[in-house]
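Participant: Predicted model follows, preceded by the sequence.
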Amino acid sequence: MEILPVQIGDYVALRKPHACGANRWRVVRLGADVGLVCTHCDRRILLPRDEFERRLRRRLPGEETENETSGG
Ligand SMILES: [Zn+2]
């Protein structure tokens, strides 16, 4: 299984912006499908991994840093 260059909580830009005009997504789920939430309108989408990899344009720097918490 390949590892995507993103982790949950990362921000990414896709090749096409969302219908709302924003192109900044937060990764909320990684697996067979990749869950993304639009940071502008909070719409959540689910893409098959291969489609996500095709649509992925680049990673974006996070807006805010979160302290790592133990546990899981
Ligand atoms: Zn949106």
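Facilitator: Ah, there it is.
Participant: What is the burial count for residue 62?
Facilitator: Using other Cβ atoms under 10 Å, residue 62 has 11 other residues around it. C-beta here means a position set from N, CA and C on the backbone, and glycine is covered the same way.
Participant: Now it: closest residue in space, sequence neighbours ignored.
Facilitator: Leaving aside its sequence neighbours, residue 62 sits nearest to residue 11 (Cβ to Cβ, 6 or more residues apart in numbering; 5.7 Å).
Participant: show me what contacts the residue nearest to the spatial centre of the chain?
Facilitator: Nearest to the mean C-alpha position of the chain, by Cα atoms, centre = their mean, lies residue 27 at 2.9 Å. If you count contacts by Cβ atoms under 8 Å, 6 or more residues apart in numbering, residue 27 has them with 6, 7, 8, 9, 10, 11, 12, 34, 35, 36.
Participant: Which single one of the residues you listed is nearest to residue 18?
Facilitator: Closest to residue 18 out of the contacts of residue 27 is residue 36 (9.2 Å), distances taken as Cβ to Cβ.
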